[in-house]
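J.: can't give you the sequence, but here's the structure:
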């Protein structure tokens, strides 16, 4: 039996869309709470992208360590990773903010913001992956050290 591709499966498309609506709503709320002063650092977008990178690294590492992807894990990955975190993070806004800062003559801020976003985005994603791996190792150690139930004797 062949599995239908995720982008051709209506239920998965719906999950990504619902997750995306949640993530986009959360991003809008954060962006609205932290307006950017003219020529200033776009703190909301910076925070959204770094937090999203960390959470995506943590989510994907945690899911991959559970073993082969089941239907439930696939749904979770697409809903939370592609949907929620895809809607929460925003590369397009980062690009627009860098362009606007540069066009307004704040070239140093634009370059620093772009470089910091990419480098720290990578590092926070890596931090999420490492935390996911550490959590898995702890769980595995606990399971291995857990006392076994006594065998029934006849």
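T.: Yep, that arrived. Small disclaimer: the values here were computed from a predicted structure and weren't measured. Residues are numbered from 1 along each chain as shown.
J.: quick one: contacts of stretch 25-32?
T.: 44, 45, 47, 48, 84, 87, 88, 89, 90 (Cβ atoms under 8 Å, 6 or more residues apart in numbering). In short, each C-beta sits where N, CA and C put it, glycine included.
J.: Apply 10 Å and report the result again.
T.: Here stretch 25-32 makes contact (Cβ atoms under 10 Å, 6 or more residues apart in numbering) with 42-45, 47-49, 51-52, 84-85, 87-90, 93.
J.: And stretch 118-130, by the same measure?
T.: By Cβ under 10 Å, 6+ apart, the list of residues contacting stretch 118-130 reads 46, 49-62, 64, 89, 91, 94.
J.: ok, back up a step: buried subset of the contacts of stretch 25-32?
T.: 42, 44-45, 48-49, 51-52, 84-85, 87-90, 93 (16 or more other Cβ atoms under 10 Å).
J.: Let me know the closest of those to residue 105.
T.: Of all these, residue 105 sits closest to residue 42, with 16.0 Å by Cβ to Cβ.
J.: Contact partners for residue 18?
T.: 79, 83, 84, 87.
J.: Now for it, which secondary structure element holds it?
T.: If you go by DSSP states H and E, residue 18 is part of helix 10-33.
J.: how big is the angle separating the following helix or strand past that helix from helix 10-33?
T.: Under the assignment DSSP H and E, the closest C-terminal helix or strand after helix 10-33 is helix 43-64. Interaxial angle, helix 43-64 versus helix 10-33 (axes from the mean of the first three to the mean of the last three Cα atoms, to 10 degrees): 150 degrees.
J.: Begin at 238, not 1, for the rest of this chat.
T.: That works, and once the first residue is 238, the last one we named lands at helix 280-301.
J.: Report all helices and strands that helix 280-301 contacts.
T.: helix 247-270, helix 308-313, helix 323-325, helix 328-340, helix 344-382 (3 or more Cβ pairs under 10 Å, 6 or more residues apart in numbering; DSSP states H and E).
J.: per-residue confidence averaged over the helix holding residue 255?
T.: Across helix 247-270, the average pLDDT comes to 96.
J.: just the contacts of residue 255 now: which is nearest residue 353?
T.: So of the contacts of residue 255, ranked by how close each gets to residue 353 (Cβ to Cβ), first place is residue 324, at 22.5 Å.
J.: Looking at that closest one now. What's its pLDDT?
T.: The score at residue 324 is 97. That number is its pLDDT.
J.: distance of it from residue 286?
T.: Per Cβ to Cβ, to the nearest Å, residue 324 is found 12 Å from residue 286.
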